[in-house]
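# Structure, please.
(4 chains)
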Number of protein chains: 2
Amino acid sequence: MPLTETIHRPTLHEELVERLRNLVIEDALKPGEKVPEKYLCEAFGVSRTPLREALKVLASEGLVVLQANRGARVATVTREELEKTFPIIAVLEELAGELACKNLSDAEIEKIEKRHATMIKAYRVKDRKAYFQANQDIHNALIEGARNDILETHHRLLASRVRRARFMANLSDDRWAQAIREHEQMMEKLRVRDSEGLGKLMKIHMMNKYAAHIRALNVVSEDAAED
Amino acid sequence: MPLTETIHRPTLHEELVERLRNLVIEDALKPGEKVPEKYLCEAFGVSRTPLREALKVLASEGLVVLQANRGARVATVTREELEKTFPIIAVLEELAGELACKNLSDAEIEKIEKRHATMIKAYRVKDRKAYFQANQDIHNALIEGARNDILETHHRLLASRVRRARFMANLSDDRWAQAIREHEQMMEKLRVRDSEGLGKLMKIHMMNKYAAHIRALNVVSEDAAED
DNA sequence: TGACTGCATTATGCATTCATAATTACCGTT
DNA sequence: AACGGTAATTATGAATGCATAATGCAGTCA
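You can find the predicted model right below:
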């Protein structure tokens, strides 16, 4: 008789994992930076034990790296890692797309349709922020639509290391237009519940995004080389 | 001047993560069982702090589940989880197969060829143990051949929850023969470095393995229903 | 001036301790 | 005897303490 959800009282270290993860993802703690254990303890009002437990977990997620006797640093994302990570995300999205096509309700698809319209509008007026929000929502809805929490977890683990705010600025007009076209195609497949079609498109979409990131990275590293 | 590898001194908690993970994978700690914190501390000769840190990591990997104030239990694998996990492993293997085809050296392929021969021999004489060992080696070699440690990590995380000793016994003669045929096909693709072909076969191979597991599970649960 | 050495300071890993929640054992009531 | 409630015990989460490795700094010598 599942009338009630099993209650979940969060422990300190879980709370901290959550908080710290957000700090890293939102770039409040920047890649390569030391994680100031003492400071964070004071800031959160906890002792070192739960904070250190949280760091261990974040390390196993790959968000920070631990050096014995030298503490934790926020993991830096090298180009090599990007190259390794994107293809994995791509196949996960492919799978998610296939499953979502099968499992999403009509109402949910309708909701995504609305989000899509919002996104298109944002594109027309070049509202980057609104665009990214709607885009994010659509992708999340598709991933969740797969009804596979394990897939979701692994996708999140991988995406959180790659999705960094600074990439948002690097969206070229060309890539933006291309992304919109890809989303239009994806919606077409979703409407007719062509699961394989959607899966393939989502994979391609991700790989194209990857190519754009790499191009942006090249520009950055060329700039850096000028110093 | 990279004459020396950067030395890595393992900390206690890393060591413990390793050890405990093995205990779970090797079924020394059985699913659903409580993880006897105190006992393990004594057995390993460490205090609770590093052991508990290790448990947090294993929990984030999904090998154990933590209940606040009620300690840790070895995670149980439900059929639902199997159903969610296998398709993910399948697409990861597909990707791994593609990458391995591109990245394996001729010498490494030769090694796999030898392993393959060993496996076939084991099949002929119905030596289950030798078969599983060679099989494992081949799969590991292919995953490693992808030259993508992140892919490897996620594959390992997923596989370790699913790969349980008791499944080994459940290999039917039919499935065994089918698996052998699939491996033959995979080798053919690998020899000519048909990356997409190998990828597709590895995915199919995994999904067939999945189907076999489900069949085995059905038998088990029907047996259980007889009580 | 600049690099090296030894000491002081700090940060870190781990052990220990403490407070409290969960479990068990016990006992009285029906 | 079975059930319910309460006290004793145990286990757990978190804080504190301690030993040691890493870092920063002053002093020395070229």
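# ok but A:A72 is inside a strand, no?
Yes: counting by DSSP: H, G, I helix; E, B strand; the rest coil, A:A72 is found in a strand.
# what's near enough to touch it?
Contact analysis of A:A72 by Cβ atoms under 8 Å, 6 or more residues apart in numbering or on different chains lists A:K34, A:V35, A:E37, A:L55, A:L58, A:A59, A:V64, A:V65, A:L66. Every residue, glycine included, has its C-beta placed from N, CA and C.
# give me the beta-bridge partners of it?
Here A:A72 sits in beta bridges with A:L66, as judged by DSSP bridges.
# gap between it and DNA strand C?
Distance of A:A72 to DNA strand C, computed by Cβ to the nearest atom of the strand, to the nearest Å: 7 Å.
# got the angle for the helix or strand where A:L55 lies vs helix B:48-61?
Using DSSP states H and E, A:L55 falls within helix A:48-61. Here the directions of helix A:48-61 and helix B:48-61 differ by 40 degrees (axes from the mean of the first three to the mean of the last three Cα atoms, to 10 degrees).
# so is A:R193 in a helix, a strand, or just coil?
coil.
# That one touches A:K102, doesn't it?
Yes: with contacts counted by Cβ atoms under 8 Å, A:R193 reaches A:K102, the gap being 7.3 Å.
# For chain A, list the residues in contact with DNA strand D, please.
When proximity is defined as Cβ under 7 Å from any atom of the strand, chain A approaches DNA strand D at A:T11, A:L12, A:H13, A:V46, A:S47, A:R48, A:T49, A:P50, A:E53, A:A68, A:N69, A:R70.
# and with 10 Å instead?
Contacts of chain A with DNA strand D, taken as Cβ under 10 Å from any atom of the strand, map to A:9-16, A:34, A:41, A:44-54, A:67-71.
# and those residues, which are buried?
Buried by 16 or more other Cβ atoms under 10 Å in any protein chain shown: A:11-14, A:16, A:41, A:44, A:46, A:50-54, A:71, out of the residues of chain A next to DNA strand D.
# State the pair within those residues that is farthest apart.
Maximum pairwise distance among these (Cβ to Cβ): 22.8 Å, between A:T11 and A:G71.
# Would you mind measuring from the nearest residue to A:R79 once chain neighbours are set aside to chain B?
Excluding the flanking residues, the one nearest A:R79 by Cβ to Cβ, 6 or more residues apart in numbering or on different chains is A:L217, at 5.8 Å. Distance of A:L217 to chain B, computed by Cβ to the nearest Cβ, to the nearest Å: 17 Å.
# Repeat that for A:V162.
Distance of A:V162 to chain B, computed by Cβ to the nearest Cβ: 10 Å.
# My read is that that residue contacts A:L82, right?
Yes: applying Cβ under 8 Å, one finds A:V162 in contact with A:L82, separated by 6.4 Å.
# Please name the residues that touch A:V17.
Applying Cβ under 8 Å, 6+ apart, we find A:V17 in contact with A:A54, A:V57, A:L58, B:S60.
# can we see that at 10 Å?
By Cβ atoms under 10 Å, 6 or more residues apart in numbering or on different chains, the residues touching A:V17 are A:10-11, A:50-51, A:53-58, A:61, A:63, B:56, B:60.
# go on, A:L29?
Per Cβ under 10 Å, 6+ apart, neighbours of A:L29: A:L20, A:N22, A:L23, A:V35, A:P36, A:L40, A:L63, A:V64, A:A72, A:R73, A:V74.
# Return the closest of those residues with respect to DNA strand D.
Relative to DNA strand D, the closest of the contacts of A:L29 is A:R73; by Cβ to the nearest atom of the strand it sits at 10.3 Å.
# A:H8 contacts B:A68, correct?
Yes: contact criterion Cβ atoms under 10 Å: A:H8 and B:A68 qualify, at 8.0 Å.
# overlap in contacts of the two?
Residues touching both A:H8 and B:A68 (Cβ under 10 Å, 6+ apart): A:E14.
# Just give the closest residue to A:N135, not the sequence neighbours.
Using Cβ to Cβ, 6+ apart, the closest residue to A:N135 is A:M119 (5.7 Å).
# Over to A:L190?
Nearest residue to A:L190, sequence neighbours excluded (Cβ to Cβ, 6+ apart): A:L198, at 5.6 Å.
# A:I138 too?
According to Cβ to Cβ, 6+ apart, the nearest residue to A:I138 is A:R115 (5.0 Å).
# So that neighbour: helix, strand or coil?
Secondary structure, three-state DSSP: A:R115 is helix.
# how much space between the residue positioned nearest the centre of chain A and A:P36?
Among the residues of chain A, the one closest to the centroid is A:A159, at 3.6 Å (Cα atoms, centre = their mean). Relative to A:P36, A:A159 is positioned 26 Å away (Cβ to Cβ, to the nearest Å).
# Check the offset of the helix or strand hosting A:A90 from the chain's centre.
Using DSSP H and E, A:A90 falls within helix A:79-103. Computed by Cα atoms, centre = their mean, to the nearest Å, the chain-centroid distance of helix A:79-103 equals 11 Å.
# which strands and helices sit next to it?
helix A:106-124, helix A:128-145, helix A:149-162, helix A:173-191, helix A:195-225, helix B:79-103, helix B:149-162 (3 or more Cβ pairs under 10 Å, 6 or more residues apart in numbering or on different chains; DSSP states H and E).
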